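> Next come a sequence and a model predicted from it.
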Amino acid sequence: MKNTPIDKNTPIDYDIVKSVIDQSGIEDIGKATIREIVRLIDIIEKETGQKYIRMEMGVPGLKPSTIAINAEKEALDRNCAASYPPLDGIPELKKETSKFIKNFMDINISPRSCIPTSGSIMGGYATFMVAGRRDPKKDTVLFIDPGFPVHKQLVKMVGLKSDSFDVYNYRSDKLKEKLESYLKKGNISTILYSNPNNPSWVCFTDEELRIIGELSNKYDVIVAEDLAYFAMDFRKDLSKLGKSPFQASVAKYTDNYLIMISTSKSFSYAGQRIGLLAISDKLFERDFEDLSRFYNTINFGYCVVQGTVYSTTAGCSHSAQYGIAALLKAINNNEYNFIDDIKEYGKRAVIMKDLFLSNGFKIVYDKDIDEPIADGFYFTISYPGFSGEELIGKFLYYGISAMALRCTGSEKTEGLRACVSQVNPSQFTDLENRLKQFHNDFKTS
Ligand SMILES: Cc1ncc(COP(=O)(O)O)c(C=O)c1O
């Protein structure tokens, strides 16, 4: 059980782990932030020479395509670093983003309304600044949780309120009543969710997206659809240009939307900080009188680009824009299949989940409505009798790290989020051995 003292014969030297934790000054290791855990593990790895199975951070674990890198290099050689990029993006990137969205989502958004931002996080910031402040009566952002903690931090920074619910028990037709119970209060400006969902890997169905879209029309709420894991529901072949199945989207059911496509995971381009914010053309053109409190104009699109992007980052890295423009062009011309590369994450998830399940662990978010949860970038785990925080503390001695679900707005406090991206298949044997030992040490019967 959880209170059993750890047998000192742990996979990672017990005394070293204990002394690094003691010296860190962190009183309750289970409550440490991800960055604190990362720092502790870095020290322990250095002192012991042993590698952890690192599942705590959602960073890409694959190489980016040389198409993007070479295009960036060429753009730098052409001296793009010396000039400011256009605030709303270079024309090639805007055009290829619009085509990409048509090809993979079957949605029409004009190049004008496709704007590169300094990472998708920046797209979220611009969204909250404009969509979240367009009407003083609508001062609250609704998160369909679990979700990405940074978004909640952004909402707080912008001075807005937030509300949220864990969607796991409100799937399919149950979503309508639950969502409407929030929207009918009249204070919600924006609904945000990620799809596939970080961390649960739940994927909304078209029926659910229709519910969200129809309610956003009824209550004039803007839907911020976070596609940080674009096309990563590997149960479907989303790789065929212009052919169904497409990446599912609320854009089929409302014009009150903006889409955030991150290049970090789907294109392994996290380091260059470029994301794609695509705003519905109708929303881009809408005017909201109350935006004049913050901007020189009341036009939505203008407030995003000339107002927010200009006065924060003044655009997005010039060379990265050329890189992603070239990459999207190759994808749109059917010369590069990005999904073939990232399927690796799904393959790792199959094996890793199996190792956890064979050693007494459970998958926390185990169902996607009536199907088993898909295999993707994340999965969620728990061990009987342990809270997420307790598990993190014990895992440190077993050479494993993951993130507590509690900080994602999840109601499942017993669980952890495991990210597959940084775990190299060559570490699977270590993972298996460490999980076996953990189970031997802590199983109740
Ligand atoms: C759900 C979700 N949204 C947004 C982001 C941010 O992506 P980016 O790296 O493009 O800023 C992440 C990154 O982990 C994420 O998981």
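Nice, thanks for sending it over.
> Residues of the protein that sit close to the ligand?
Listed as neighbours of the ligand in the chain under the rule C-beta under 6 Å from any ligand atom: 58, 119-121, 148, 194, 198, 226, 228, 262, 264, 270, 275. Placement of C-beta: from N, CA and C, glycine included.
> Output these as JSON lines; include the columns pLDDT, distance to residue 132 and secondary structure.
Written out in JSON lines, the entries for those read as follows (pLDDT from 0 to 100; distance: C-beta to C-beta, whole Å; DSSP: H, G, I helix; E, B strand; the rest coil):
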{"residue": "58", "pLDDT": "86", "distance to residue 132": "24", "secondary structure": "coil"}
{"residue": "119", "pLDDT": "97", "distance to residue 132": "18", "secondary structure": "coil"}
{"residue": "120", "pLDDT": "97", "distance to residue 132": "16", "secondary structure": "helix"}
{"residue": "121", "pLDDT": "97", "distance to residue 132": "15", "secondary structure": "helix"}
{"residue": "148", "pLDDT": "93", "distance to residue 132": "16", "secondary structure": "coil"}
{"residue": "194", "pLDDT": "97", "distance to residue 132": "17", "secondary structure": "strand"}
{"residue": "198", "pLDDT": "96", "distance to residue 132": "21", "secondary structure": "coil"}
{"residue": "226", "pLDDT": "98", "distance to residue 132": "14", "secondary structure": "strand"}
{"residue": "228", "pLDDT": "98", "distance to residue 132": "19", "secondary structure": "coil"}
{"residue": "262", "pLDDT": "98", "distance to residue 132": "20", "secondary structure": "strand"}
{"residue": "264", "pLDDT": "97", "distance to residue 132": "23", "secondary structure": "coil"}
{"residue": "270", "pLDDT": "96", "distance to residue 132": "25", "secondary structure": "helix"}
{"residue": "275", "pLDDT": "98", "distance to residue 132": "18", "secondary structure": "strand"}
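> Among those residues, name the buried ones.
Buried subset of those (neighbour count, 16 or more other C-beta atoms under 10 Å): 58, 119-121, 148, 194, 198, 226, 228, 262, 264, 270, 275.
> secondary structure class for residue 141?
Taking DSSP: H, G, I helix; E, B strand; the rest coil as the rule, one finds residue 141 in the strand state.
> That one against residue 155, yeah?
Yes: using C-beta atoms under 8 Å as the test, residue 141 is close enough to residue 155 to be in contact (4.9 Å).
> more neighbours, those two?
The residue with more neighbours, out of residue 141 and residue 155 and counting by other C-beta atoms under 10 Å, is residue 141; that gives 30 against 22.
> For the more buried one, give me its contacts.
128, 132, 155, 160, 161, 162, 163, 188, 189, 190, 191, 192 (C-beta atoms under 8 Å, 6 or more residues apart in numbering).
> so what sits against both of residue 141 and residue 155?
128, 132, 161, 162.
> so which of these is the most crowded?
Each of those was scored by neighbours using other C-beta under 10 Å; the highest score is residue 132's, at 27 neighbours.
> what comes up buried for stretch 404-424?
In terms of neighbour count (16+ other C-beta under 10 Å), stretch 404-424 has its buried residues at 404-410, 412, 414-423.
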